[in-house]
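[1] please find the sequence and the predicted model below.
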Amino acid sequence: MSKDTFDSVWDALEETPAEAENMKLRSTLMMALEQHIRAKDWTQAEAARRLGVTQPRVSDLLRGKINLFALDSLVNMVAAAGLHVEVQVRDAA
């Protein structure tokens with residue numbers, strides 16, 4: 001039995017490094033949106049209106065349904081929420 005170690009759960013779950021990086025970014029954006037929605041005490045309906053999406057879409061976000069969200073749609077929602085995204089690129093370890 002091998003005892004592989006991973007920097008992230010996504011590194012363990014995804015087939016390629018590219019897929020793992022995409023999932024890491026998506027999960028980071030989803031968590032930031034969830035925290036923002038909760039901090040503002042928005043209802044799902046209000047969050048949907050402010051983010052420019054439907055209430056069921058907000059429900060999917062808050063329930064962590066990551067496979068339903070593309071990276072670009074999450075960036076659009078983050079911007080609509082009045083948040084700023086910064087990207088840092090560096091050599092892989």
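    Thanks, I have the structure now. Numbering: from 1, shown residues only.
[2] geometric centre of this protein: which residue is closest?
    residue 30 (2.8 Å; C-alpha atoms, centre = their mean).
[3] hmm, residue 68 and that one touching each other?
    No - using C-beta atoms under 8 Å as the test, residue 30 is too far from residue 68 to be in contact (10.1 Å). Quick note: C-beta positions are derived from backbone N, CA and C, even for glycine.
[4] quick one, helices of this structure?
    9-13, 17-40, 44-51, 55-62, 71-80 (DSSP state H).
[5] between those, which one is closest to residue 89.
    helix 17-40 (10.1 Å; C-beta to C-beta).
[6] what angle do helix 55-62 and the closest one make with each other?
    110 degrees (axes from the mean of the first three to the mean of the last three C-alpha atoms, to 10 degrees).
[7] and helix 17-40 with helix 44-51, angle?
    Using the same axes, to 10 degrees, helix 17-40 lies at 120 degrees relative to helix 44-51.
[8] in helix 17-40, which residues are buried?
    Using 16 or more other C-beta atoms under 10 Å as the test for burial, helix 17-40 gives 20, 23-27, 29-30, 32-34, 36-37.
[9] closest one of the residues you listed to residue 46?
    Using C-beta to C-beta, residue 37 comes nearest to residue 46 of those, at 8.8 Å.
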